[in-house]
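> Structure here, sequence nowhere to be found:
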C-alpha cells in the first residue's frame, strides 16, 4: 500500500489528546498532525523522535498532516497509523495474497456479531467452514527483535478473543491476526505484564481452537507492504 502523497520527515515535539502531535519539519516550521492511533504508543512518542508525516490538501480535513511512521534508526521503521492494517489486509485478501489464507473466494468486512462486536473480516469458501478474523496492529517492542501486544490494557481486545471463541463453539473457524508494523522485529508475544487479562483470554481462546497468525510488514517512507508470518511466542514462553 503506497502512501497517497510523499511523506516528509520531522521531529516530534509532543503527542497530546491522543490524536494530536506537534512536529517540527526540516525547514523549521512547526505543524500539528493527526495521530491515527488511540493506543499508548509506548516507546514511540518521546519528544525528539524522528517521524514521518503525510501531507494533504483535502479541505474536509482539519489538519494538513497525518502522522504515519516513526524512524527507529538503522533503517528501521514503525507504522503508527492503526487504519493501515485493515486497508492493506483487505486488498491482500481480495488478491488472495495473505500467506496461508489464499483459498477463500468470498470476503466481507465489518461483520456484526452480538450487540457490541464486529469482526474485521469474514472469509468464505464453498465446502469449508467460515473463517472469522479479528486484526490487531502491533507496534510495541521492549526487547530487541521482539514485538508485543497490547501496549495498554484493552478490555475491547479481550472481548474480541471471547467472541472468536464463541464462533469456534458454533462450528466456524476463528483467527486473531496480528500485523506487526515494525521492521525490526522477527518474533511476537503478548505483553502479559501490561494486560494479564488479555493474555489469559488469549490462552483460553487458543485452547478453544482460535487460531493465531502474526505477520510482519515491509515499511518505508514510500509504502507499507504485507510481509511474511513470524514466530508467535505464547505468554510465559522462552
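Cool, the structure landed. Note that the coordinates shown come from a computational prediction; the quantities given were computed from them, not determined experimentally.
> Pairing partners for the strand or helix carrying residue 72, with directions?
Residue 72 belongs to strand 65-73 when elements are defined using DSSP states H and E. When sheet partners are counted by DSSP bridges, strand 65-73 sits next to strand 30-35 (parallel), strand 50-55 (antiparallel), strand 76-79 (antiparallel).
> Give me the distance from the shortest one to the chain's centre.
By that I understand strand 76-79. A distance of 12 Å separates the centroid of the chain from that of strand 76-79, by CA atoms, centre = their mean, to the nearest Å.
> repeat for stretch 185-197
With CA atoms, centre = their mean, you get 14 Å for stretch 185-197.
> Please renumber the chain so that the first residue is 393 from this point on.
Sure, I'll start counting at 393 from here, so that last one is stretch 577-589.
> which residues sit against it?
Identification of contacts with stretch 577-589 by CB atoms under 8 Å, 6 or more residues apart in numbering yields 530, 532-534, 537-547, 549-550, 570, 572, 590-591, 594, 606, 608, 622-629. The C-beta positions use only the backbone N, C-alpha and C, and glycine is treated the same way.
> for the most centrally placed residue in the chain, what are its contacts?
Central residue check for the chain by CA atoms, centre = their mean: the C-alpha nearest the mean position is that of residue 529, 1.3 Å away. For residue 529, the set of contacting residues under the criterion of CB under 8 Å, 6+ apart consists of 471, 474, 476, 477, 571, 573.
> I am finished for the moment; much appreciated.
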